[in-house]
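**Q** Provided below for reference: sequence and predicted model.
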Amino acid sequence: MRKTVKLDIKNLSIERGERDLCCELSFSVQSGDLIRIAGENGAGKSSLMKAILGWVPIEDGELIYNGEDVTQHRDMLLQDQLYLGHTPGIKNVFTALENLKLYCPDKSDRQLEQALEEVQLLAFSDTPAAQLSAGQKRRIALARLWLTDKSLWFLDEPFTALDVKGVSVLEEKMAAHLSEGGAVVITTHQPLLHLSPKVIELSV
Amino acid sequence: MNYRSYFKSEWLSLLRRKQDTLNALLFFVMVITLFPLGVDPSSEFLSPAAGGIIWCATALAILMAVEGMYKEDYNDGSLEQWLASGLSVSILVFLKVFAQWVMVVVPLLLVLPLLAQMLFLPASALGVLMCSILLGTPALFFIGSIGAALTVSLRRGAVLMLLLILPLYIPVIVFATGAVRAAQMEMAYSGQLAILGAISLVALALSPIMAAVSIRASVN
């Protein structure tokens, strides 16, 4: 079972330049929750995730994680979460295995290879990421999700560049994560085929 | 990710991208080799100017190396992963700068005796020159890392970075060349070396924090 988490977002407002994003937005995420942040391009879906994680400034509102104010105790939230953005931090000079080793140094080679096998990349474990496609790089990044025991997953457009098989594997893993008591916050324009998320709609 | 795995990966990454280090080294050697051909190859001119020539070439080579220091990390999303990792970004910056410093400065020190000989620098001043490089170049790297972090998200940030950090390089160059010149004239040079060390220590203390703030602003 995953560590129990509860993240409360209360009256959150974000401003980027002259634009107001997410005016007085409130919702909560707890163990077992799948939250889909929806909205048109530019509605502020990615900015909302980054604001929760602390690198987009919050204009107003409160973020409470397990009863503590996130702005004062951000480390608590960061230690329990795993974020995958549009560009997921895969290094072109490293092989698929080396990329996983960087982010999951406490795992054995066997465990890393097993994770690569689950995303059908075992045959490419020694191939430099520069020679892999965008979808294959995305799959390396996704393999990190099931190598760590983080409770809270923040996934920003994780289906980008994934093929049908990749989408299905990720959905299965998300379902398993939720059943173990984890929580997922996801932004995607693609409908989830096998999962029923709570939807937070943002408008431009 | 932890600090150890990050540091290991940084080394590996620098070793795999040897051309970046080689470019800086090649630039350094070319500037020093071409300078006497373009100005005056006589020992009367080159010997007193040797410290200045070598230090200007060093500063420019380091500028080349630090300019793109965070570019790849920014483009592949690694900087976002730094921020989301819960690790101290200042420590990650320090580890990155340290690895880069070793990769650029060690080869530079290895070719230095030959180039110093070419510029007729007396053997008695070579040790001081090497000491000044060891003590002064950390400051150049740490100061450069702030500029690189501030301009990482800009498409043509190189010129802005030069404008931002080049004035901060001047004291280092002045004291370093002063130390070499003093050694050539058989005068005391420990004061200049001490100041170089002090500048590097101040840069070491402040730059990782400032670069971390700049990275946060750039990623945002």
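**A** Structure received. Numbering: from 1, shown residues only, chains lettered A, B, ... in the order given.

**Q** endpoints of stretch A:155-162, how far apart?
**A** 14 Å (C-alpha to C-alpha, to the nearest Å).

**Q** list of residues touching that stretch?
**A** Residues from elsewhere that reach stretch A:155-162 (C-beta atoms under 8 Å, 6 or more residues apart in numbering or on different chains): A:45-46, A:49, A:83-86, A:133-135, A:137-139, A:142, A:166-167, A:170, A:184-190. Placement of C-beta: from N, CA and C, glycine included.

**Q** repeat for stretch B:15-30
**A** Against stretch B:15-30 from outside (C-beta under 8 Å, 6+ apart): A:93-94, B:14, B:57-58, B:60-62, B:64-65, B:68, B:103-104, B:107-108, B:111, B:115.

**Q** which residues of chain A lie near chain B?
**A** A:50, A:53-57, A:75, A:78-79, A:81-83, A:85-94, A:98, A:101-103, A:105, A:154 (C-beta under 8 Å from any C-beta of the partner chain).

**Q** among those, name the buried ones.
**A** For those, a burial check counting by 16 or more other C-beta atoms under 10 Å in any protein chain shown picks out A:50, A:53-56, A:78, A:81-83, A:85, A:87-94, A:98, A:101-103, A:154.

**Q** next step: those restricted to helices.
**A** Counting by DSSP state H, these place A:50, A:53, A:78, A:98, A:101, A:102, A:103 in helices.

**Q** got the buried residues for the longest helix along chain A?
**A** For chain A, the longest helix by residue count, based on DSSP H, is helix A:164-179. Of all the residues in helix A:164-179, those buried under the rule 16+ other C-beta under 10 Å are A:166, A:167, A:169, A:170, A:173, A:174, A:177, A:178.

**Q** list the buried residues of stretch B:102-117.
**A** Neighbour count says stretch B:102-117 has B:103, B:104, B:105, B:107, B:108, B:112, B:115, B:116 buried, by 16+ other C-beta under 10 Å.

**Q** inside helices: which ones of these?
**A** B:103, B:104, B:105, B:107, B:108, B:112, B:115, B:116.

**Q** residue A:69: neighbour count?
**A** Summarising burial for residue A:69: neighbours were counted as other C-beta atoms under 10 Å in any protein chain shown, giving 12.

**Q** list the residues that contact it.
**A** Residue A:69 neighbours (C-beta under 8 Å, 6+ apart): A:62, A:63.

**Q** and it, how far from chain B?
**A** 17 Å (C-beta to the nearest C-beta, to the nearest Å).

**Q** beta partners of that residue?
**A** residue A:64 (DSSP bridges).

**Q** any idea how far residue A:41 is from it?
**A** Computed with C-beta to C-beta, to the nearest Å, the distance linking residue A:69 and residue A:41 is 32 Å.

**Q** next one: residue B:153
**A** 20 Å.

**Q** so which of the two has more stuff around it?
**A** residue B:153 (18 against 7).

**Q** and that one, what pLDDT?
**A** On pLDDT, residue B:153 comes in at 86.

**Q** now do the contacts for residue 138.
**A** Went with chain A since none was named. A:88, A:158, A:160, A:161, A:162, A:166.

**Q** if you could check chain B rather than the one you did, that'd help
**A** Counting by C-beta under 8 Å, 6+ apart, residue B:138 has contacts B:101, B:200, B:203, B:204.

**Q** pick the one among these closest to chain A.
**A** Closest to chain A out of the contacts of residue B:138 is residue B:101 (19.5 Å), distances taken as C-beta to the nearest C-beta.

**Q** grab the nearest non-local neighbour of that closest one.
**A** residue B:141 (4.8 Å; C-beta to C-beta, 6 or more residues apart in numbering or on different chains).

**Q** look up how far residue B:62 lies from the one you found.
**A** Separation of residue B:141 from residue B:62 (C-beta to C-beta): 6 Å.

**Q** and for the two, which residues touch both?
**A** Common neighbours of residue B:141 and residue B:62 (C-beta under 8 Å, 6+ apart) are residue B:104.

**Q** any low-confidence regions in chain A?
**A** Low-confidence segments of chain A, defined by pLDDT under 70, are absent.

**Q** which stretches of it form strands?
**A** With DSSP state E as the criterion, chain A has strands at A:6-16, A:19-30, A:34-39, A:58-65, A:68-69, A:81-84, A:152-156, A:183-187, A:198-202.

**Q** then chain B?
**A** Going by DSSP E, chain B shows no strands.

**Q** which bits of it sit near chain A?
**A** Contacts of chain B with chain A, taken as C-beta under 8 Å from any C-beta, map to B:1-2, B:4-6, B:9, B:12-13, B:16-17, B:72, B:75-78, B:80-81, B:83-86, B:216, B:219-220.

**Q** give me the ChimeraX select line for those, limited to the buried ones.
**A** To isolate the buried members of the residues of chain B next to chain A in ChimeraX, using 16+ other C-beta under 10 Å:
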select /B:1,6,9,12,13,72,76,77,78,80,81,83,84,85,86,216,219
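
**Q** and the residue lying closest to residue A:136 once chain neighbours are set aside, what are its phi and psi?
**A** Leaving out its chain neighbours, the residue that sits closest to residue A:136 by C-beta to C-beta, 6+ apart is residue A:121, at 6.2 Å. Residue A:121 adopts backbone torsions of phi -120, psi 10, taken as degrees, to the nearest 10.
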